[in-house]
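J.: Could you look at this predicted model? Sequence included:
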Amino acid sequence: RVDIMAASGLVDEAKVLYPHRKLNALHTVGYRELFSHFDGEWTLEFALDEIKKNTRRFAKRQITWFKRTENVQWFDYTTPPAEIINFIKSSL
């Protein structure tokens, strides 16, 4: 996924945002690592590897958080959209 994002313009997007790197909204996975690359601290390859690693860590934390939250309904990716919609409607 990170490779696709990089090929789709993530690096160029981060370059445009680089002058605003002190904003809290830009202290996120992806931008933070690329800003280190632009600062000359890391190679682009290393920055992309760090984005991959940090994305995995963030996803694991999200899963842990959701597992601790009551009343979360999990759906398999193969669940028909109509079934999900019906569940949401019945929950309102």
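T.: Arrived safely, thanks for sending.

J.: Name the next helix or strand downstream of the biggest helix by length in the chain, please.
T.: Ordering each helix of the chain by length in residues (DSSP state H) puts helix 44-68 first. On the C-terminal side of helix 44-68, the closest following helix or strand by DSSP states H and E is helix 81-91.

J.: that older thread, buried residues in the longest helix of the chain, which are they?
T.: 47-48, 50-51, 54-55 (16 or more other C-beta atoms under 10 Å). For the C-beta atoms, the positions are set from N, CA and C on the backbone; glycine is no exception.

J.: counting contacts, what elements does that helix pack onto?
T.: Counting contacts by 3 or more C-beta pairs under 8 Å, 6 or more residues apart in numbering; DSSP states H and E, helix 44-68 is packed against helix 2-7, helix 31-38.

J.: winner for burial among the ones you listed?
T.: helix 31-38 (a mean of 19; mean count of other C-beta atoms under 10 Å).

J.: Pick out the residue nearest the middle of the chain.
T.: For the chain, the residue nearest the mean C-alpha position is Thr55 (5.7 Å; C-alpha atoms, centre = their mean).
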